[in-house]
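> Quick one, fold the following:
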Amino acid sequence: MLKVLRIIVITVLSILICVFGTVYALIRLRHPSTTGILSRCFASMHPLVGLKLIRRTKPDFAKPAIYIANHQNNYDMLTISSMVPPRTVSVGKSTLMWIPFFGLMYWATGNIFIRREKRSSAINTMNQVAEAIKEKQISIWMFPEGTRSRGRGLLPFKTGAFHTAIAAGVPIIPVVCSSLHNKVDLGRKNNGVVICEMLDPIDTSGYNRDNLRELIEKSHQIMADKIAELDREVAQLEQK
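Numbers count the residues shown, from 1 in each chain. All right, here's what the predicted structure looks like:
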């Protein structure tokens, strides 16, 4: 019964957020801070699935950056989405546009679509993203794994976020969330603790195409180590 009730409530609230979010986004058409506002609206539903969310942010980074986050499952919308900073838009696959209620809101908030099935199109889009960062002084939120990990650990990173950061001359800022795999049982009242944390910026000024792989491996290792640390902390908190 609890599971059915939660599904109904979350579905209804999600539709309402999408509808009112679309109207709000159209009024502020493609304003770069709208994405963060609506992301936090979705994340505010985390108590409805029995999660306690601990957020560890840093003072707003005054300059544009590429924020990279681990992508686990659908519950990312209730957890790590709460970490999207002001003046930050995301890069997502073009098929998101066709999701009922969500697609129009995603477009109206100023997020950027990319056609991953066409490499030339994806490269061109990322070049345009780098130019947008410079011209509009905005930041970009990306999931460098490119897909949900679904319990497989932190997957290898694709190169797009890192090429873009170097081209735009902006730092990489990792954002991590403790493990969500098999964390939520909608039929269970309490589903424990989740910690999301923003890490220190990674300077990209010393990197180029020749040593891009070093930047990717460095970023991956930093995030993997922090996720493991957060998982240990979560285990300790849930034992109390």
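> low pLDDT regions in this protein?
Low-confidence segments of the chain (pLDDT under 70): 116-122.
> Now residue 29: closest residue in space that isn't a chain neighbour?
residue 108 (6.5 Å; Cβ to Cβ, 6 or more residues apart in numbering). Quick note: C-beta positions are derived from backbone N, CA and C, even for glycine.
> Enumerate every residue touching that neighbour.
22, 25, 26, 29, 30, 34 (Cβ atoms under 8 Å, 6 or more residues apart in numbering).
> For PyMOL, write the selection for the buried entries among those.
Those of those that count as buried under 16 or more other Cβ atoms under 10 Å are selected in PyMOL with:
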select buried, resi 22+25+34
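> can you name the two of the contacts of residue 108 that are farthest apart?
Farthest-apart pair in these is 22 and 30; separation 12.2 Å (Cβ to Cβ).
> State the distance from the residue nearest to residue 29 to residue 14.
As judged by Cβ to Cβ, to the nearest Å, residue 108 and residue 14 stand 16 Å apart.
> Next: residue 138.
Distance, residue 138 to residue 14, by Cβ to Cβ: 26 Å.
> So which elements touch the longest helix along the chain?
Scanning the chain for the helix with the most residues, using DSSP state H, yields helix 212-239. Secondary-structure packing of helix 212-239 (3 or more Cβ pairs under 8 Å, 6 or more residues apart in numbering; DSSP states H and E): helix 160-168, strand 172-177, strand 193-198.
> Go through it and flag the buried ones.
Neighbour-count burial for helix 212-239, with 16+ other Cβ under 10 Å as criterion, is recorded at 212, 215, 216, 219, 220, 222, 223, 226, 227, 230, 234.
> what sits against the residue lying closest to residue 81 once chain neighbours are set aside?
Nearest non-adjacent residue to residue 81, counting by Cβ to Cβ, 6+ apart: residue 39, 4.1 Å away. Residue 39 makes contact with 81, 82, 84 under the criterion Cβ under 8 Å, 6+ apart.
> correct me, but the second one touches residue 38?
No: under the criterion of Cβ atoms under 8 Å, residue 82 is not in contact with residue 38, lying 11.2 Å apart.
> before we move on, back to that, mind putting the contacts of residue 39 into CSV with neighbour count, distance to residue 10 and secondary structure?
Output for the contacts of residue 39, formatted as CSV (neighbours: other Cβ atoms under 10 Å; distance: Cβ to Cβ, whole Å; DSSP: H, G, I helix; E, B strand; the rest coil):
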residue, neighbour count, distance to residue 10, secondary structure
81, 23, 14, helix
82, 20, 16, helix
84, 22, 20, coil
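> What is the nearest of the residues you listed to residue 65?
Set against residue 65, the nearest of the contacts of residue 39 by Cβ to Cβ is residue 84 (12.1 Å).
> give the contact list for that closest one.
If you count contacts by Cβ under 8 Å, 6+ apart, residue 84 has them with 35, 36, 39, 40, 67, 90, 141.
> for residue 196, same thing?
Here residue 196 is in contact with 53, 54, 55, 56, 79, 80, 82, 83, 175, 176, 177, 178 (Cβ under 8 Å, 6+ apart).
> Could you report the distance from it to residue 89?
Taken as Cβ to Cβ, the span from residue 196 to residue 89 is 19 Å.
> Counting by contacts, list what the helix or strand where residue 10 lies packs against.
For residue 10, the host element (DSSP states H and E) is helix 2-27. Under the contact criterion of 3+ Cβ pairs under 8 Å, 6+ apart, helix 2-27 touches helix 34-43, helix 102-108.
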